[in-house]
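1. Next comes the sequence, and after it the predicted model I'd like to discuss.
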Amino acid sequence: MSSSALPWATPAAATAGNAIALYARWSPALDAKIEAAVQRLREASIAHGQGLVQSSSLGVEDMVVTDLIARHQLPIDIATLDTGKLHPETLGLLPRIQAQYGRDVAVFQPKQEHVIAFVQREGEDAMFKSIELRKACCGVRKLEPLGRMLAGRSAWITGLRREQSGARAEVAFDEDDGQGRRKISPIADWTWAEVWAYVERFAVPTNPLHDQFMPSIGCAPCTRAIAVGEDFRAGRWWWEDSSKECGLHAKS
Ligand code: SF4
């Protein structure tokens, strides 16, 4: 098992099929980590005002961050990308966020003419043909709308955690995103067990696909369930021998 493999997912526990039952473990450090995360969000909100946005994937870490923002009534916009390839369960979180927190999530979609041209040129299954075409698909469906989401912003908030993968092991709480903005990752030091302990304690809405052994959820064609002992992101672009990143968090 590698360092970023899921903890607690023993074969016996796995039969439960419930992410909270599988993973949630409150740690002695978690109260202080929550306080520190709220403080980071508060300081970012004061520093950047309307220039700050939470870019949410609607994954469990981002749902925890949304809960922290809403619970502490921080005036931070929340936004997400709808690539046109998401699972219905993922999009189903949008009305649940509205119902639980009274917060609207701004949804950014790719430009339809770009999607149509790409699919006509490369095919609906282009992502499986090569890493270059997969990244081109991510470029059309994710990076272009992310650029619009972040236009005019001076900082954005992510749910990145250091434990998620080797590529994310150095994630800072506050860093330059390579595009002149600050990228703030308030729960970078949280463990998977702590994320789910928070979800359990505060009844955070989560994607039901997390209960089907999908710890990291992206577009439907590019996400599969993982097996016991596999890495967090093993189910993303599983056919590739790559860093399992789509470019949203690349520094250029
Ligand atoms: S994750 Fe897959 S479907 Fe989604 S944008 Fe990237 S290649 Fe395309």
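-> Alright, I've got the coordinates. What you are looking at is a predicted structure, and each value in this text was computed from that prediction instead of being measured.
2. now the spatially most central residue of the chain: how far from the ligand?
-> Taking CA atoms, centre = their mean as the criterion, residue 57 is the residue nearest the geometric centre of the chain, at 4.0 Å. Distance, residue 57 to the ligand, by CB to the nearest ligand atom, to the nearest Å: 11 Å. Any C-beta I mention is one placed from the backbone N, CA and C, and that applies to glycine too.
3. what does residue 74 give?
-> 30 Å.
4. same question, residue 156
-> 19 Å.
5. now swap in residue 226 and tell me
-> Distance, residue 226 to the ligand, using CB to the nearest ligand atom: 16 Å.
6. Repeat that for residue 151.
-> Relative to the ligand, and taking CB to the nearest ligand atom, residue 151 is found at 20 Å.
7. cool, residue 112 as well?
-> For residue 112, the distance to the ligand - CB to the nearest ligand atom - is 14 Å.
8. do the same with residue 187
-> Counting by CB to the nearest ligand atom, the gap from residue 187 to the ligand is 23 Å.
9. Kindly report the same for residue 29.
-> On the measure of CB to the nearest ligand atom, residue 29 and the ligand end up 33 Å apart.
10. what's around that residue, how many residues?
-> 13 (other CB atoms under 10 Å).
11. residues contacting it?
-> Contact analysis of residue 29 by CB atoms under 8 Å, 6 or more residues apart in numbering lists residue 194.
12. run the last query once more with 10 Å
-> Contacts for residue 29 (CB atoms under 10 Å, 6 or more residues apart in numbering) come out as 36, 189-191, 194.
13. Report the two of those residues separated the most.
-> Farthest-apart pair in the contacts of residue 29 is 36 and 191; separation 14.2 Å (CB to CB).
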